[in-house]
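*Asks:* After the sequence you'll find the predicted model.
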Amino acid sequence: MAARKSSPKTKSAPRRPVTAEQHRVRRQQHESEAAQDYCEAIAEMLETGVEARVGRIAERFGLSHVTVSRVVRRLASEGFVVAQPHQPLGLTARGKALAAERSLCEPTAIATATAACAAEPHGTLFHGSSMPIRDADFLAIAPPAGWETASNRGASGIDGLIASATGHAVASAEPVVAILGDVSTLHDLNSLQLAAQVETPLVLVVLNNDGGGIFRYLPIARHEDVFEACFTTPHGLSFAPIAKSFGLATESPRTRAALAKAMSRALRRGGTTVIEIACTRESSEECRARVAKAATAALARDFR
Ligand SMILES: Cc1ncc(C[n+]2csc(CCOP(=O)(O)OP(=O)(O)O)c2C)c(N)n1
Ligand SMILES: [Mg+2]
């Protein structure tokens, strides 16, 4: 887009000088974002059997070899990356943990699961409560061509989602992928018995952030004395063993690449698969904030 000259009539607000402290904080933010980006990229390459090389990362990020080498050296000295001369890059335990945290949060899991639906020409993407449907909307994660979307408010919001998704699978006789919160899943566990009778692929992607993440966006979140126990209601449960006890196939991927593979297996397999994703409310919020910030900056650039 061509640079626009500022109108002589509208005086832009004078820019406040950036203090040394602000500069340091910004730089630190950029560095930690870069650490996450690099660790995630390396983890994905390792996961998919591709050698993690500086050149590949440079190509992926559209950066020069020199820039990527410099960042990789820094990440190696900070204990995230294993960089040996003439060897592909690796990740330390710390680097793997950082990659996993960034890689599989709620929004990225929804994006990956949605993209994986494209392996089938038709199907229904069922958006559950509470944040899955909001994330899909907010982040404009559209279903692939040929797929419909569905959702269900239930009687009051989080009830009967597994039953509804199962109903869609039975009625359409086509693949259904339902993306559900953990409390919603807990609320409708008995419907796993219905889901066990479905023959078409029914994939229940459970985003287990151990409670109701939506409440952190409400004013009640400030009332620390009651918030966790009465609103978030963490349960500490894992759903894969529960689903197994209903005779269902289960998957527990820990990276985006592993989720993509689990989705493709689940869509090829007949019947119901529960894909449980352990994620944190904090990393999901951080991801939403990062996307919102990037979108705001892009809009400001193009519309100012
Ligand atoms: C039947 C019913 N009970 C309680 C609620 C209140 N409620 C709204 S959202 C929510 C938590 C949902 O948590 P989860 O399914 O884990 O989704 P997340 O917010 O983490 O995305 C609850 C309990 C409701 N809407 N409906
Ligand atoms: Mg939840």
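*Replies:* It's in. Ligands and ions are numbered 1, 2, ... in the order given.
*Asks:* What residues does the stretch 101-250 of the chain have near ligand 1?
*Replies:* Counting by Cβ under 6 Å from any ligand atom, the residues of the stretch 101-250 of the chain close to ligand 1 are 129-131, 156-159, 181-184, 209, 212-214. Where you see a C-beta, it was placed from the backbone N, CA and C, and this is true even at glycine.
*Asks:* For the helix or strand bottoming out on mean pLDDT in the chain, name the packing helices and strands.
*Replies:* Here the helix or strand of the chain ranked lowest by mean pLDDT, DSSP states H and E is helix 20-47, holding a mean of 79. Judged by 3 or more Cβ pairs under 8 Å, 6 or more residues apart in numbering; DSSP states H and E, helix 20-47 is in contact with helix 54-61, helix 65-77, strand 81-82, strand 90-91, helix 93-103, helix 256-268.
*Asks:* Quick check: chain neighbours aside, which residue is closest to the most centrally placed residue in the chain?
*Replies:* The centre of the chain sits closest to residue 108, judged by Cα atoms, centre = their mean, with a distance of 2.1 Å. Nearest residue to residue 108, sequence neighbours excluded (Cβ to Cβ, 6 or more residues apart in numbering): residue 256, at 5.9 Å.
*Asks:* per-residue confidence at the nearest residue to residue 55 once chain neighbours are set aside?
*Replies:* Spatial nearest neighbour of residue 55, excluding adjacent residues (Cβ to Cβ, 6+ apart): residue 65 at 6.3 Å. With respect to pLDDT, residue 65 scores 95.
*Asks:* Test my guess that residue 65 contacts residue 58.
*Replies:* Yes: using Cβ atoms under 8 Å, residue 65 makes contact with residue 58 at a distance of 5.0 Å.
*Asks:* Which of the two has more residues huddled nearby?
*Replies:* Taking other Cβ atoms under 10 Å, residue 65 and residue 58 do not tie; residue 58 has more neighbours (17 against 13).
*Asks:* distance of that one from residue 41?
*Replies:* 11 Å (Cβ to Cβ, to the nearest Å).
*Asks:* Please apply the same query to residue 142.
*Replies:* Residue 142 sits 25 Å away from residue 41, going by Cβ to Cβ.
*Asks:* These two - which one has more neighbours?
*Replies:* Using other Cβ under 10 Å, the more surrounded residue of residue 142 and residue 41 is residue 41, with 19 against 11.
*Asks:* Return the residues in contact with that one.
*Replies:* Contacts for residue 41 (Cβ atoms under 8 Å, 6 or more residues apart in numbering) come out as 52, 57, 60-61.
*Asks:* switch the cut-off to 10 Å
*Replies:* Taking Cβ atoms under 10 Å, 6 or more residues apart in numbering, we find residue 41 in contact with 52, 56-57, 60-61, 68, 89, 99, 103.
*Asks:* Same check on residue 213?
*Replies:* Contacts here follow Cβ under 10 Å, 6+ apart; on that basis residue 213 touches 106, 130-132, 134-135, 181-183, 207, 232, 279-282, 284-285.
*Asks:* Residue 207: what secondary structure?
*Replies:* Following DSSP: H, G, I helix; E, B strand; the rest coil, the label given to residue 207 is strand.
*Asks:* Quick check: closest non-adjacent residue to it.
*Replies:* In space, and not counting its chain neighbours, residue 207 is closest to residue 106: 5.0 Å by Cβ to Cβ, 6+ apart.
*Asks:* do the same with residue 135
*Replies:* Excluding the flanking residues, the one nearest residue 135 by Cβ to Cβ, 6+ apart is residue 107, at 4.8 Å.
*Asks:* Contacts only, for the residue of the stretch 201-304 of the chain found nearest ligand 2.
*Replies:* With Cβ to the ion, the shortest gap between the stretch 201-304 of the chain and ligand 2 falls at residue 209, namely 4.3 Å. Going by Cβ under 10 Å, 6+ apart, residue 209 touches 105-106, 131, 181-183, 216, 232, 234, 277-285.
*Asks:* Any chance of a PyMOL selection covering the buried ones in those?
*Replies:* Buried members of the contacts of residue 209, defined by 16 or more other Cβ atoms under 10 Å, are picked up in PyMOL with:
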select buried, resi 105+106+131+181+182+183+216+232+277+278+279+280+281+283+284+285
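*Asks:* Cool, thanks, talk later.
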